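# fold the following.
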Amino acid sequence: MSKKRTAALGAGVLSALVVGGIAFAPTAVAAPEDSAYALAADGLVNITKVPHVVGEGKDHLVHTDLPSAANRILHAGVFNSAVEEGYAKASTTDVELGLPGVPAIAVGLVTAECDDLTGSTSVADLRIGGQEIALDQIGPNTEIIPDALQGIARITLNKQAANDDGSLTVSALSVDLLNGTQTVDLSTATCTEKPEAPEEPEEPTAPQKPSEQPSAPPSDDDGDNGGDDGDDGGELPGSTPDERGKAPVPVPQPGHLDVTG
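Numbers count the residues shown, from 1 in each chain. From the prediction side, this is the model:
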């Protein structure tokens, strides 16, 4: 493509954007925390982040045309955003991006995921000007400039940027028209570092069994108060039968009884 042709086409793009521009609310500055959105545009056409989730939660938008007229610049089937602590995910399905003067960009499914400061993306069925773009492994900040976009726009897949607040932002598909004059980001996720899991308490140790058996308690019979071992002077009189097996004759024992009367 000649320089005159490129310049003329670029001027046509700018004119079309100015005349048919869409005025949306300015994009707010995101807080330094986890967030996700499926679509945002900045430049002569501003589209606020939609659906935008910050902190924690989920949101979606179904069948969207921007603007909602015949000269739409973007159509999407479903927008999804989901965020939790240290994790964010955004996805867009059935996207058709038709910037004025630029070959149509279409994609079946584009997803960005950010988990504990690690980003990844997936892009399916990417077509530019009706031409299918073959994609294999998409490394961080993979830039493609098909012939149809030479000198006009460039597309970055799996665009990753480390932020000053320590978070990471991942955009699955980013379009830069005329060196930043217009940008469009599809499926963007920002995540922070996940907090460390609390340490689990140690299991209590079982009490150890004694290594020796306890000794038996001492016997109450110490041999000093009689018994059948004969150590204390023998048995008491009259306590055993005689040699014929009859009961022994009672042996009177001395005693004293008080007599009253």
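# excluding chain neighbours, what is closest to Val110?
The shortest distance from Val110 to any residue other than its chain neighbours is 4.4 Å, reached at Ala172 (CB to CB, 6 or more residues apart in numbering). For glycine as for every other residue, the C-beta is placed from the backbone atoms N, C-alpha and C.
# that's a strand at the one you found, yeah?
Yes - when the secondary structure is assigned by DSSP: H, G, I helix; E, B strand; the rest coil, Ala172 falls within a strand.
# so, low pLDDT: which residues of the stretch 51-200 of the chain?
Within the stretch 51-200 of the chain, the stretches with pLDDT under 70 are 67-71.
# tell me where it has strands.
With DSSP state E, counting those that start in this stretch, the ranges of strands along the stretch 51-200 of the chain come out as 53-54, 57-66, 74-84, 87-97, 105-115, 118-124, 127-128, 131-132, 142-144, 153-162, 168-177, 182-191.
# which of those sits most buried?
Among the strands of the stretch 51-200 of the chain, the stretch with the highest mean neighbour count (mean count of other CB atoms under 10 Å) is strand 182-191, at a mean of 26.
# any idea of the angle it forms with strand 168-177?
On the basis of axes from the mean of the first three to the mean of the last three CA atoms, to 10 degrees, strand 182-191 is oriented at 170 degrees to strand 168-177.
# for Thr156, see how far away the residue nearest to Leu61 when sequence neighbours are not counted is.
If the residues on either side of it in the chain are set aside, Leu61 comes closest to Phe79, at 4.1 Å by CB to CB, 6+ apart. Taking CB to CB, to the nearest Å as the criterion, Phe79 is separated from Thr156 by 20 Å.
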